[in-house]
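J.: sequence first, then the predicted structure:
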Amino acid sequence: MSLLRAALAAIVVLVMGTAILGIGMGEAPAQRQSAPTAAQVAAAEQRIAAGGATIRAGRQAFTEDGCDRCHSIAASGADGQLGPRLDALDEDADDIAESITDPRDDIADGFPQELMPTDYAQGLGIQRIRSLAAFIAAASGEEDEDDEQSGKGRGRSGRG
Amino acid sequence: MLNASRPGAPALGLLALAALAVGVAGFEHARLFHRGYDHVEIVGPLFILNAIGSTVVILMLVFQRVWLFVLGALSIVVPSLVSIYVSHTLGFFGLREGGYDDAMTLIIAAEIAATVLALGGATAAYLNGRTAAR
């Protein structure tokens, strides 16, 4: 094996190995967002469990429609990291439904604008989107009275 | 049959550029894996496998396994391009994407370049081998 080949192989292994191991690769934007506290997660679980048929349908749709691939909701076990986490929103269900149908209207800082599909309004139908929005609103606790106290780290939700 | 021992300078140049393109695409897949795709079932592991496979096929070229490099490179980049297309249309293992950000655009460009350059390099090496055999 010539010295040149050995040197080339070493460079390839070093560069690609560094990337594969994740050294200096940064982190997912979602990991920079504050995760809800254990108390907030427990409260969200209670709201979801106590929710009606719409919220239950939304929870099911969240998984079936692949929302959990990209978004986190700790209370439902979803841990997607490609888009912003959805259990720290300060939006009501109507605003969330609008975010699903028009996800590029307001992008959270640090998230790519292009990733979320824009055809959910056609593909899912308004009723399913309303269910999703109701579930996400329940998970994020927008109407929770403790928001003022427990809302540290919350910001404008944006969409990813 | 590719002439592995003497692919010729033009073929070697094309194949080296193909290896560079494979490396760029593999590197970007690894970077994206660590920036959120590691939490996506099936797709995330495929990203890291892409990077590992890219490393192996580049080493094939370094050690003059020319036809293994060409076959390996094409077997990585072509399915990857198809997967990207499927993830933007039907969905790929449950993952649907709505557009192409900078990283994805770079991967697509690198993989198209790798495909063209690998095929071009293989053709040049084949022709060089036929000429040398006469």
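T.: Okay, I see it. Everything quoted here is computed from the prediction, not taken from an experiment.
J.: okay, CA-based contacts and neighbour counts for the rest of this
T.: Fine.
J.: show me which residues of chain A are close to chain B?
T.: Neighbours of chain B within chain A, by Cα under 8 Å from any Cα of the partner chain: A:5, A:8-9, A:12-13, A:16, A:19-20, A:22, A:25-30, A:65-66, A:69-70, A:79-82, A:112-118.
J.: filter those residues down to the buried ones.
T.: Neighbour counting over the residues of chain A next to chain B (16 or more other Cα atoms under 10 Å in any protein chain shown) leaves A:9, A:12-13, A:16, A:19-20, A:22, A:25, A:27-30, A:65-66, A:69-70, A:79-82, A:112-118 as the buried ones.
J.: narrow those residues to those in helices?
T.: Within these, residues falling in helices by DSSP state H are A:Ala9, A:Val12, A:Val13, A:Met16, A:Ala19, A:Ile20.
J.: doesn't B:Leu59 make contact with the second one?
T.: What that stands for is A:Val12. Yes - if you go by Cα atoms under 8 Å, A:Val12 and B:Leu59 touch, sitting 7.4 Å apart.
J.: give the contact list for the residue nearest the centre of chain A.
T.: For chain A, the residue nearest the mean C-alpha position is A:His71 (2.2 Å; Cα atoms, centre = their mean). By Cα atoms under 8 Å, 6 or more residues apart in numbering or on different chains, A:His71 lies in contact with A:Ala78, A:Asp79, A:Gly80, A:Gln81, A:Leu82, A:Gly83, A:Pro84, A:Arg85, A:Leu86.
J.: give me the below-cutoff pLDDT ranges for chain A.
T.: Low-confidence segments of chain A (pLDDT under 70): A:1, A:142-160.
J.: how is it divided into domains?
T.: A:1-29, A:33-150 (automatic domain parsing).
J.: nearest to B:Arg65, out of the ones you listed?
T.: Nearest to B:Arg65, of all those, is domain A:1-29, at 12.5 Å by Cα to Cα.
J.: I'd like the distance from the closest one to the chain centre, please.
T.: Offset of domain A:1-29 from its chain centre (Cα atoms, centre = their mean, to the nearest Å): 31 Å.
J.: how about the helices of chain B, start to end?
T.: Taking DSSP H as the test, the helices found in chain B are B:9-33, B:43-62, B:66-87, B:102-133.
J.: among those, which comes closest to A:Ile107?
T.: That would be helix B:102-133 among these, by Cα to Cα, at 16.0 Å.
J.: which stretches of chain B have low pLDDT?
T.: B:1-5, B:134.
J.: tell me which residues touch B:Gly121, please.
T.: Neighbours of B:Gly121 in contact, by Cα under 8 Å, 6+ apart: B:Pro10, B:Ala11, B:Leu12, B:Gly13, B:Leu14, B:Leu15.
J.: burial of residue 94, as a residue count?
T.: No chain specified, so I'll use chain A. Residues near A:Asp94, counting by other Cα atoms under 10 Å in any protein chain shown, number 13.
J.: actually, chain B is the one I wanted.
T.: The number of residues packed near B:Gly94 is 19, by other Cα under 10 Å.
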